[in-house]
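In: everything below, folded, please.
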Amino acid sequence: MPIPTWFVAALRFIGVNGVKYGPLVWTWLSANPEVRETIERMVKRLTASTGQDPDEMRKTLQAMREQVEYLRNSADDDFERRRAAAWSTSLIRLEHAVEMLRGGAARADVKRLRSSIDALRAQILDAFLIEQVEDAGGPSAIEAPGSTPTEP
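Out: Numbers count the residues shown, from 1 in each chain. This next block holds a predicted model:
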């Protein structure tokens with residue numbers, strides 16, 4: 001089965017871990033279509049919006065919030081719980097920043113905000129893919145995503 005565009009997009013977002021973990025997880029997902037379909041829906045939602053329009057950013061943040069909630073609920077240890085809490089705090093800050101765009105903002109500020117959203121999205125997507133696969137009994141990531149929670 002050829003690798004679909006949604007999976008390639010996900011790997012592009014998650015970077016190095018995707019290169020190492022991608023082939024292993026794709027083989028497993030190919031044999032587990034029900035898990036693949038669930039992950040595909042969520043990845044498409046997380047990667048669908050890349051525009052600099054405030055409404056597009058809000059859509060991205062809402063999809064990210066849903067994934068952080070999933071990650072918080074499925075956390076296996078204190079590190080995962082702290083990481084989800086840090087991401088939730090970061091999402092609140094980013095949501096406030098997007099609201100401030102309503103009055104207009106410099107192009108550079110909008111671009112910087114979109115970049116911050118994309119950086120956080122990459123971290124969340126990486127953790128989401130790993131957690132979904134592990135929760136369904138699939139292979140664990142070769143390298144755990146980030147050793148410390150980061151903020152935009």
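
In: pretty sure residue 111 sits against residue 101.
Out: No - taking contacts as CB atoms under 8 Å, residue 111 lies outside contact range of residue 101: 11.6 Å. Bear in mind the C-beta positions are built from the backbone N, C-alpha and C, glycine included.

In: neighbour-wise, which of these two wins?
Out: Regarding residue 111 and residue 101, a neighbour count based on other CB atoms under 10 Å identifies residue 101 as having more, with 17 against 12.

In: which SS state does the most centrally placed residue in the chain fall under?
Out: In the chain, the centroid-proximal residue (CA atoms, centre = their mean) is residue 125; its distance is 2.2 Å. Following DSSP: H, G, I helix; E, B strand; the rest coil, residue 125 is assigned to helix.

In: just residue 59 next, same as before
Out: helix.

In: in this structure, which helix or strand is least confident?
Out: When the helices and strands of the chain are scored by mean pLDDT, DSSP states H and E, helix 5-14 comes last with a mean of 67.

In: the helix or strand following that helix - what's its average pLDDT?
Out: Per DSSP states H and E, the first helix or strand lying C-terminal to helix 5-14 is helix 16-30. What helix 16-30 shows for mean pLDDT is 76.

In: so which elements touch helix 16-30?
Out: Counting contacts by 3 or more CB pairs under 8 Å, 6 or more residues apart in numbering; DSSP states H and E, helix 16-30 packs against helix 5-14, helix 33-47, helix 107-135.
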